[in-house]
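Engineer: Pasting a predicted model and its sequence here:
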Amino acid sequence: MRCDPKPVCASTEFFALGPDGLSHGVRDGVCGRIVPIEQAVHREAANGTRCYFCSRACLMRYYLNPLNFLRKK
């Protein structure tokens, strides 16, 4: 029997070292835009993971068809 990985939201958290020090950001799983995690106020849990969105518009696009924006773990 084959076990497929559980799908998770396509948004990605990351840390980056820049001129102002260490920053914590996210890549929106819908549009791909990178935003500071403090500005990614729209988030929703999917399959036990956290999804981050840059705007309400991307959140609504996700809600309309979440399967389009999932990736394999």
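Structural biologist: Everything's here; your move. Residues are numbered from 1 along each chain as shown.
Engineer: need the contact list for the most centrally placed residue in the chain.
Structural biologist: For the chain, the residue sitting closest to the mean C-alpha position, by C-alpha atoms, centre = their mean, is Ser11 at 1.9 Å. Ser11 makes contact with 26-29, 50-53 under the criterion C-beta atoms under 8 Å, 6 or more residues apart in numbering. All C-beta spots, glycine's among them, are computed from the backbone N, C-alpha and C.
Engineer: could these go into CSV alongside secondary structure and distance to Ala40?
Structural biologist: Shown next, in CSV, are the contacts of Ser11 (DSSP: H, G, I helix; E, B strand; the rest coil; distance: C-beta to C-beta, whole Å):
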residue, secondary structure, distance to Ala40
Val26, strand, 5
Arg27, strand, 10
Asp28, coil, 8
Gly29, coil, 11
Arg50, strand, 10
Cys51, strand, 9
Tyr52, strand, 4
Phe53, strand, 6
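Engineer: which one of these sits closest to Phe69?
Structural biologist: Gly29 (5.0 Å; C-beta to C-beta).
Engineer: give me phi/psi at the closest one?
Structural biologist: When read as degrees, to the nearest 10, the backbone of Gly29 gives phi -70, psi -10.
Engineer: From what I see, it and Ala40 are in contact.
Structural biologist: No: counting by C-beta atoms under 8 Å, Ala40 is not a contact partner of Gly29; they are 10.7 Å apart.
Engineer: on that earlier part again, excluding its backbone neighbours, what's nearest the residue nearest to the centre of the chain?
Structural biologist: Gly29 (3.7 Å; C-beta to C-beta, 6 or more residues apart in numbering).
Engineer: Mind jotting down where the helices sit in this structure?
Structural biologist: Taking DSSP state H to define them, one finds helices in the chain at 56-64.
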